[in-house]
Each structure stands twice: as C-alpha cells, then as structure tokens.
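[1] Mind folding the following:
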Amino acid sequence: MDLHIVKLSVGYGPEELLHQMRQLNQVRRENADARVVCTISDFDHDPRELNEIPEVWAFCQRLVDIGFIADLDAFTSVAGGSPLPLPVGLGAFEV
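    Purely as a prediction, here's the structure:
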C-alpha cells in the first residue's frame, strides 16, 4: 500500500491549497492505487477533538467548497477493502 499524507494548515490560503491539490492530482495520476488522506496540523496541542474546533469546521468547509476532497480516499477506515492503520489522517467523508 502506498500511503500519501497531505499535511494542511488552517492558515493556508488559496495558492497553498491549489498547490496541494495539484500535488494530489499528480499522485493519483501516477498511482491509482495510492491511499491519500490529509491532516490538519495546527491543533496538535489542543485537547479538543478536531470536530470540536470552529476554525477547523470553517477550514474543512473551504476544502469542500474548492473541491480539495476530490482526490482524497473516501474515509480512512474503509477504502479498497482494507482499513488504514488509524489514526493517519482524514478522508473526504471525514473532512
């Protein structure tokens, strides 16, 4: 299994996100079997779960709005028949 993890920051602007999208698209073109997920790194020391943080909700909405999730695996627990070791990141449905 080829796992590609995209590390994101809620501070990323449109250019950084478009750059990451181009890289994701390239990964998918080169390896259709690659497993692709993302992480949001700004809250490593925050005791809350990501889904409890308003800034993360807003950022995830931006990711959906621009189509970022198109090249992510659907979700990390089931993709291609075998679960990923958790926690590795967020899939499209989890974003």
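
[2] For the residue nearest the centre of the chain, give me its contacts.
    Nearest to the mean C-alpha position of the chain, counting by Cα atoms, centre = their mean, stands residue 38 at 2.4 Å. By Cβ atoms under 8 Å, 6 or more residues apart in numbering, the contact set of residue 38 is 5-8, 63, 68, 72, 89-90, 95. For the C-beta atoms, the positions are set from N, CA and C on the backbone; glycine is no exception.

[3] which one of those residues sits closest to residue 42?
    Nearest to residue 42, judged by Cβ to Cβ, of those is residue 8 at 8.6 Å.

[4] count of residues packed around that closest one?
    22 (other Cβ atoms under 10 Å).

[5] Report the secondary structure state of the residue nearest to the centre of the chain.
    Of the three states, residue 38 takes strand under DSSP: H, G, I helix; E, B strand; the rest coil.

[6] Over to residue 47?
    Quick answer, by three-state DSSP: residue 47 is coil.

[7] Which residue ranges of this protein form strands?
    In the chain, the strands defined using DSSP state E lie at 3-8, 35-40.

[8] measure residue 48 to residue 14 for me?
    Distance of residue 48 to residue 14, computed by Cβ to Cβ, to the nearest Å: 27 Å.

[9] before we move on, what about residue 29?
    Distance of residue 29 to residue 14, given as Cβ to Cβ: 22 Å.

[10] Any buried residues in the longest helix that the chain contains, and which?
    Identified as the longest helix of the chain according to DSSP state H is helix 14-30. Neighbour-count burial for helix 14-30 flags 17, 20-21, 24, 27-28 (criterion: 16 or more other Cβ atoms under 10 Å).
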